[in-house]
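Asks: this one's sequence-less:
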């Protein structure tokens, strides 16, 4: 008899625990949905306004006072070139710094201070980077309001993200790998080159791309250093038909980027420009999504190749 | 590996543009967002007419920001929605920069209310001052406090943000002192925000450039303005701006050309093109073009390189069109 009573009590207890399980799961899903639905609603709303405006001309036309003829050519080319400069500087610096901090740096208070600083830098508002860049790159170094200045600014902005991602990726490599290599007589550099970097490449690349996806949407620092609003020509082409086939004049060219073009269109009186802004926003979100998707695919590919 | 899409994109851009990469001449312009639509239209047509041989860039950093760059010699032409100030003239002089002042169009600051508002037929400057003066802050909160004949309903004000030339001009014209205004109103640098605000609230009143009213006539009602007692109420329109009766909210907008930059053929050509086509293009972007004689006088000033401003560094209100050229130029 007593045994049966205990059994009912235990069943009740389990049922109650399962209810709480369910409550938590539902709450979790709701919390997740707030973010997902907000994004979906915004994205769909923008797509409804913007997609009818998308056409080949929209990508190959310069901005114009006539909404119907205005396009984003100078904006998307500008965004791509700025990203190229950003990647060129942020990747070696960020990965190098992460590798050094994780593998080489002695564990002492200097390293601690550097670590705290990097974490803090990741939280500094982007406008502060813009002001720093205006003083340093634009005026002090005399780079002017150019693609080079913008690329360097965004490189600084995403540097902490790249460093943190690199360190996380390196930390996930089992210590046994390092010890095995050292046991066979490898130097520290050999360990890094042949084991640490290849094994953490997936995580590092994900971090880089997520950083770049953030940078491509940044507006404030780019406005601060003086990107232009109306620009109906492209920078000189980086690739030429004559030797040496490369041309670096584009680095000093004036430019505009996608978010600025969009911002300008939203402040126009004519409603047709708002449509253009929605279309440009749609393209920008797709660019970001594509970069993030690429990161996921890359991580999957590289993880598959690791054999340990 | 991660760069391959970028490189492809660049190759595309490069292929389409390899032909144009010859070293082009550049005209740099920056300044007021109010003047931007006119300058943008001119820049667009000018570049098309030159087939890309001359490049023009136009930025927006506000009238004040534009003059700062102008006086540092960073740009060739400054867009300005108000005349250059004394402090700015001083700044330019220190850097050895002289300028030629060219009015390019008129803008009518427009006071707007919600279309459902039935009790406002016109507003006097004195009534506007009662609403907007600094002393009204926290005190004048309902319509009947401004005029007892109006209902006891909350007064919701919308206006340009404090960094804009529009705010400077409105406060000067209405409150008698530039930048003197109550602070408890909805301020935005984005005029579309003001349009939305006024169109959604029956008790709202706002002000912005005529172009924004012209594009939103279905959502807003413009208010005729009485300058002084005894004068008729005048609604903003091309005619009332041109004959000088829309006072005190009609304002000329300018470009200032660096006189040294004018030695460069591309800047000279652009400035000439601007004045020659300003009438047509300013109308297209919903500004009021100046009379032909004024553009002719501007062209003459440009070709004779007459430097200086007719405003003596003050923010004048209610300048008549012909005064832009009849007054003496001061360096």
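Replies: Happy to help now that I have it. The structure presented is a predicted model; accordingly, all values stated were derived computationally and were not measured.
Asks: Give the full set of residues in contact with residue B:294.
Replies: By C-beta atoms under 8 Å, 6 or more residues apart in numbering or on different chains, the contact list for residue B:294 reads B:103, B:321, B:322, B:324, B:325. For the C-beta atoms, the positions are set from N, CA and C on the backbone; glycine is no exception.
Asks: Bridging across strands, which residues link to the first one?
Replies: The bridge-partner assignment for residue B:103, based on DSSP bridges, gives residue B:254.
Asks: distance of it from chain A?
Replies: 20 Å (C-beta to the nearest C-beta, to the nearest Å).
Asks: burial of that residue, as a residue count?
Replies: Neighbours of residue B:103 under the rule other C-beta atoms under 10 Å in any protein chain shown: 24.
Asks: wait, what's in contact with it?
Replies: Counted by C-beta under 8 Å, 6+ apart, residue B:103 has contacts B:252, B:253, B:254, B:290, B:294, B:298, B:324.
Asks: Most neighbours among these, which one?
Replies: Sorting the contacts of residue B:103 by how many neighbours each has (other C-beta under 10 Å) puts residue B:254 first, at 27 neighbours.
Asks: Can you give me the pLDDT of that one?
Replies: On pLDDT, residue B:254 comes in at 92.
Asks: was I right about it contacting residue B:99?
Replies: No. Counting by C-beta atoms under 8 Å, residue B:254 does not reach residue B:99; the two are 10.0 Å apart.
Asks: ok, back up a step: is it possible to export the contacts of residue B:103 to TSV including distance to residue A:267 and secondary structure?
Replies: What follows is the contacts of residue B:103, written out as TSV (distance: C-beta to C-beta, whole Å; DSSP: H, G, I helix; E, B strand; the rest coil):
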residue	distance to residue A:267	secondary structure
B:252	22	strand
B:253	17	strand
B:254	21	strand
B:290	25	coil
B:294	29	helix
B:298	28	helix
B:324	28	helix
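Asks: any idea which of the residues you listed is closest to residue B:37?
Replies: Nearest to residue B:37, judged by C-beta to C-beta, of the contacts of residue B:103 is residue B:253 at 10.2 Å.
Asks: Next up, the contacts around that closest one.
Replies: Listed by C-beta under 8 Å, 6+ apart, the contact partners of residue B:253 are B:32, B:34-35, B:38, B:79-81, B:103-107, B:287.
Asks: In strands, which of these fall?
Replies: B:79, B:80, B:103, B:104, B:105, B:106, B:107 (DSSP state E).
Asks: tell me which of the contacts of residue B:103 is nearest to residue A:21?
Replies: Lowest distance from residue A:21 to the contacts of residue B:103 (C-beta to C-beta) belongs to residue B:253, with 66.9 Å.
Asks: Just flag the most distant two among the contacts of residue B:294.
Replies: Among the contacts of residue B:294, B:103 and B:322 lie farthest apart (C-beta to C-beta), at 10.9 Å.
Asks: could the ones in strands among the contacts of residue B:253 go into CSV alongside pLDDT and distance to residue A:106?
Replies: Output for these, formatted as CSV (pLDDT from 0 to 100; distance: C-beta to C-beta, whole Å):
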residue, pLDDT, distance to residue A:106
B:79, 93, 57
B:80, 91, 59
B:103, 92, 68
B:104, 94, 65
B:105, 93, 67
B:106, 90, 70
B:107, 89, 65
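Asks: who wins for most neighbours among these?
Replies: Compared across the ones in strands among the contacts of residue B:253, residue B:79 has the highest neighbour count, 31 neighbours, by other C-beta under 10 Å.
Asks: ok, now which ones touch it?
Replies: By C-beta under 8 Å, 6+ apart, the contact set of residue B:79 is B:29-32, B:34-36, B:39, B:58, B:63, B:66, B:253-255.
Asks: follow-up on the earlier one: turn the contacts of residue B:294 into a markdown table, columns for distance to residue A:254.
Replies: Listed next are those as a markdown table, based on distance: C-beta to C-beta, whole Å:
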| residue | distance to residue A:254 |
| --- | --- |
| B:103 | 27 |
| B:321 | 35 |
| B:322 | 38 |
| B:324 | 32 |
| B:325 | 34 |
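Asks: pLDDT weak spots in chain A?
Replies: Within chain A, the stretches with pLDDT under 70 are A:1-2, A:240-243, A:245, A:307-308.
Asks: Tell me, how many residues neighbour residue A:274?
Replies: Neighbours of residue A:274 (other C-beta under 10 Å): 18.
Asks: cool, the one 3 residues further on as well?
Replies: Burial of residue A:277 is recorded as 22 neighbouring residues (other C-beta under 10 Å).
Asks: I'd assumed residue A:271 was in contact with it.
Replies: No. Assessed by C-beta under 8 Å, residue A:277 is found out of contact with residue A:271, at 10.5 Å.
Asks: ok, the one residue in the stretch 151-300 of chain B that gets nearest to chain A - contacts?
Replies: Nearest residue of the stretch 151-300 of chain B to chain A: residue B:215, at 3.9 Å (C-beta to the nearest C-beta). By C-beta under 8 Å, 6+ apart, the residues touching residue B:215 are A:269, A:270, A:271, B:286.
Asks: If you tally nearby residues, what's the number for the second one?
Replies: Here the count is done by other C-beta under 10 Å, and residue A:270 has 20 residues near it.
Asks: thinking it is in contact with residue A:67, fair?
Replies: Yes. Contact criterion C-beta under 8 Å: residue A:270 and residue A:67 qualify, at 5.7 Å.
Asks: what's the average pLDDT for stretch B:31-46?
Replies: 91.
Asks: touching chain A at all, that stretch?
Replies: Yes. Counting by C-beta under 8 Å from any C-beta of the partner chain, chain A is contacted by stretch B:31-46 at B:33, B:36, B:37, B:39, B:40, B:41, B:43, B:44.
Asks: If you rank those residues by neighbours, which is first?
Replies: residue B:39 (29 neighbours).
Asks: How many residues are close by residue A:33?
Replies: Residues lying near residue A:33 (other C-beta under 10 Å) number 11.
Asks: secondary structure class for it?
Replies: helix (DSSP: H, G, I helix; E, B strand; the rest coil).
Asks: per-domain residue ranges of the chain.
Replies: The chain I'm using is chain A. Using automatic domain parsing, the domain parsing of chain A gives A:2-51, A:72-255.
Asks: other chain: chain B
Replies: Split by automatic domain parsing, chain B gives B:5-106+B:252-326, B:110-235.
Asks: sorry, back to before: which one of the contacts of residue B:79 is nearest residue B:195?
Replies: Using C-beta to C-beta, the contacts of residue B:79 come closest to residue B:195 at residue B:34, 15.3 Å.
Asks: Nearest spatial neighbour of that closest one, chain-adjacent residues omitted?
Replies: Spatially, and ignoring its direct neighbours in sequence, residue B:34 is nearest to residue B:81 (3.9 Å; C-beta to C-beta, 6 or more residues apart in numbering or on different chains).
Asks: and the contacts of residue B:79, which are buried?
Replies: Buried members of those, counted by 16 or more other C-beta atoms under 10 Å in any protein chain shown: B:29-32, B:34-36, B:39, B:58, B:63, B:66, B:253-255.
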